[in-house]
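Trainee: coordinates only, no sequence provided:
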């Protein structure tokens with residue numbers, strides 16, 4: 001017959017096991033967060049670089065996005081969303097709607113602005129860059145919206 005100590009561990013032993021389990025969970029969570037943060041840094045690094053697309057490919061992509069939106073009855077479309085870290089001032093000038101805000105853009109967001117300036121603006125399209133979330137009350141991601149309504 002097994003002893004009671006083998007069947008029912010002491011409360012102290014149960015607490016110790018629970019603490020070890022919690023520590024293991026916390027360690028796993030920390031590892032997942034570290035991986036997610038590394039992936040985010042890598043993505044931001046990639047987005048801060050030129051896309052590598054040719055001018056023709058960019059124009060074709062813009063055409064596809066616009067035509068799809070028009071087919072869906074829209075007069076504007078959010079064409080891109082990016083972290084504020086892709087602005088040299090973390091989106092401050094965009095948030096304050098300051099003159100010259102476009103000079104703070106880098107990477108792909110800058111390419112989109114240039115595409116609009118070169119090809120879409122002369123054809124009557126408008127573009128807006130706007131902070132679209134405020135985590136903790138601070139400017140977060142920025143959305144780029146293209147519009148063409150009368």
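Mentor: Nice, thanks for sending it over. Source: prediction; values computed, not measured.
Trainee: for the chain, which helix or strand comes out least confident on mean pLDDT?
Mentor: The helix or strand of the chain with the poorest confidence is helix 4-7; it has a mean of 76 (mean pLDDT, DSSP states H and E).
Trainee: next secondary structure after it?
Mentor: Downstream of helix 4-7, the first helix or strand assigned by DSSP states H and E is helix 11-47.
Trainee: avg pLDDT for that next one?
Mentor: Averaging the model's pLDDT scores along helix 11-47 yields 80.
Trainee: got the domain boundaries for the chain?
Mentor: Here the domain assignment for the chain is 4-47, 55-147, based on automatic domain parsing.
Trainee: check contacts around residue 130.
Mentor: When contacts are counted by CB atoms under 8 Å, 6 or more residues apart in numbering, residue 130 touches 94, 142, 143, 145. Every C-beta, even on glycine, is put in place using the N, C-alpha and C of the backbone.
Trainee: who wins for most neighbours among these?
Mentor: Counting neighbours by other CB atoms under 10 Å, residue 142 leads the contacts of residue 130 with 24 neighbours.
Trainee: and it, how close does it get to residue 53?
Mentor: Here residue 142 is placed at a distance of 20 Å from residue 53 (CB to CB, to the nearest Å).
Trainee: fine by me, thanks again.
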